[in-house]
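J.: After the sequence you'll find the predicted model.
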Amino acid sequence: MTSSIRLLLIAAVVFAGSSNRAADAQSLPPVNLGFTSFLDGGPPAGPGFYFQQYLQYWSADDLLDEDGNDSGLVDDLDVWISLSQFIYQSDQPILFGGKWGIDLIIPVVSLDVDPGTPPIIDDNNQGLGDILLGPFIQWDPIMGENGPVFMHRIELQTTFPTGKYDDDRVLNPGSNHYTFNPYWAATWWIFPQWSVTWRLHYLWNSENDDPNTTLFPMVGDVQPGQAIHINFASSLELIPKRLHAGVNGYYLEQITDSKVDGSDSGYREKVLGIGPGGVWHFSADDHIFINLYFETAAENRPEGFRLTLRWTHHF
C-alpha cells in the first residue's frame, strides 16, 4: 500500500512561460512506499485475525521536474498518514495449497504544504483517505532443516474513491478514482538468521472525471499512468526471537504516460528510497517495526524522507 496523498503535479515550465510541454501532468495516487518491509512473505503467527496500525511521516522540501531539478513550486511539504489494517487469514487451502484471506485498510491523512513560486500548490487539510480492499492467497512456508526457507503471498488490491476530495485543491486525502494494485510478496531465508524480502506491485488507475480546476481548466478527465513499485528489505536476526535489523527501501517507476482527455502527456514519475530499519518481536503475536527512508533520483514528484512505525497484533 501506500502513502495516502494524491499529488497533482504541473510542469513548472508552463507557469514560467515555456510553451512546448502541456501542463497536463496527472500524478500517481498514493501507493505503498515504505509501509511494509521485513519478513513480509507471510503472517508471523499463522492463520487468524490480525490488526496492524501504521503511522508514517513524509517530509519534502523539493518538488523535482522531469530532469530531477527543483521546480520551486513547493517550499515545504509535511504529510502524516495513519493506516488501520484488518486482516483475516483462513486455514482453508483453495489453490495449490494456498489459503485464502482478506485485507481491509482505512487511511486518515493530514497535509500541510508551504507553496513555492508561483503559489499554486495548496492542500485540503486532513480527512479520510481512499479505502483499500484486497483478497489474497497465502502459501505455507517451505521448510528446511533449520527452519523456513521461503514463504510468499499474492494479493489483488483495489482502492475505492472514498476519501476527502475537492477539485479546488491540488493536494487531497482522496484521489477521486479507482486503482488496481496487485502484488506478490515473498521472504527468502538465505540462512536461518538472514532473510531477504520483497513486495512487487503493478499499478493501474481509472480516470478522474473531476480534476483539479487550477491545474486542469477546461479538462474533462485525467488518468494517471501505469507504474511498477517495489518494497525491499534485508535483515539479520541479532537477538534470537526478539530483534531483526537491516536495510529497507522502495523504488517506483511509472511505465506509461499519464493522460489528459485521453491523450498522452509525456509525464512519468520515478523515485528511490533507502535507509535503516528494524523489528522488535514482543511475542509471536505482537511486533513493532520502525523504518527510515531517504529519497533520491526523484522525477516529477517531491523528494524527501519517510519515517514509518507499525504495530502488528495477532488475536
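T.: Yep, that arrived.

J.: so how far is the lengthiest strand in the chain off the chain centroid?
T.: Looking across the chain with DSSP state E, the single longest strand is strand 74-95. Taking the mean of its C-alpha atoms, strand 74-95 sits 9 Å from the chain's own mean (C-alpha atoms, centre = their mean, to the nearest Å).

J.: The helix or strand that comes right after it - which strands sit beside it in the sheet, and in what orientation?
T.: Moving toward the C-terminus from strand 74-95, the next helix or strand (DSSP states H and E) is strand 98-115. With DSSP bridges as the test, strand 98-115 is paired with strand 74-95 (antiparallel), strand 126-128 (antiparallel), strand 132-138 (antiparallel).

J.: Residue 203 and residue 77, how far apart?
T.: Between residue 203 and residue 77 the computed distance is 21 Å (C-beta to C-beta, to the nearest Å). From N, CA and C alone the C-beta is placed, and that goes for glycine too.

J.: tell me which element the residue nearest to residue 183 when sequence neighbours are not counted falls in.
T.: Closest residue to residue 183 apart from its sequence neighbours, by C-beta to C-beta, 6 or more residues apart in numbering: residue 201 at 4.3 Å. Per DSSP H and E: residue 201 is located in strand 194-205.

J.: how about the CA coordinates for that strand, as PDB?
T.: Included here for strand 194-205 are C-alpha records, laid out as PDB according to Å, rounded to 0.1, in the frame of the first residue of the first chain:
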ATOM      1  CA  TRP A 194      19.400 -13.800   7.400                       C
ATOM      2  CA  SER A 195      16.400 -13.000   5.300                       C
ATOM      3  CA  VAL A 196      15.600 -11.000   2.100                       C
ATOM      4  CA  THR A 197      12.000  -9.700   1.500                       C
ATOM      5  CA  TRP A 198      10.300  -8.000  -1.400                       C
ATOM      6  CA  ARG A 199       6.800  -6.900  -2.300                       C
ATOM      7  CA  LEU A 200       6.400  -6.200  -6.000                       C
ATOM      8  CA  HIS A 201       3.300  -4.200  -7.200                       C
ATOM      9  CA  TYR A 202       1.700  -3.300 -10.500                       C
ATOM     10  CA  LEU A 203      -0.500  -0.200 -10.500                       C
ATOM     11  CA  TRP A 204      -3.400   0.600 -12.900                       C
ATOM     12  CA  ASN A 205      -5.500   3.700 -12.400                       C
END
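
J.: Tell me which helix or strand residue 296 sits in.
T.: In this assignment (DSSP H and E), residue 296 forms part of strand 286-299.

J.: Format the CA atom coordinates belonging to that strand as PDB.
T.: Extracted in PDB, the C-alpha atoms of strand 286-299 (Å, rounded to 0.1, in the frame of the first residue of the first chain):
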ATOM      1  CA  ASP A 286       3.000  -8.600  18.800                       C
ATOM      2  CA  HIS A 287       5.600  -6.900  16.800                       C
ATOM      3  CA  ILE A 288       6.900  -3.300  16.300                       C
ATOM      4  CA  PHE A 289       8.500  -2.200  13.100                       C
ATOM      5  CA  ILE A 290      10.500   1.100  12.500                       C
ATOM      6  CA  ASN A 291      11.700   2.100   9.100                       C
ATOM      7  CA  LEU A 292      13.500   5.200   7.800                       C
ATOM      8  CA  TYR A 293      13.900   6.100   4.100                       C
ATOM      9  CA  PHE A 294      15.900   8.800   2.400                       C
ATOM     10  CA  GLU A 295      14.700   9.500  -1.100                       C
ATOM     11  CA  THR A 296      16.800  10.200  -4.200                       C
ATOM     12  CA  ALA A 297      16.600  10.100  -8.000                       C
ATOM     13  CA  ALA A 298      13.100  11.600  -8.000                       C
ATOM     14  CA  GLU A 299      11.500  12.800 -11.200                       C
END
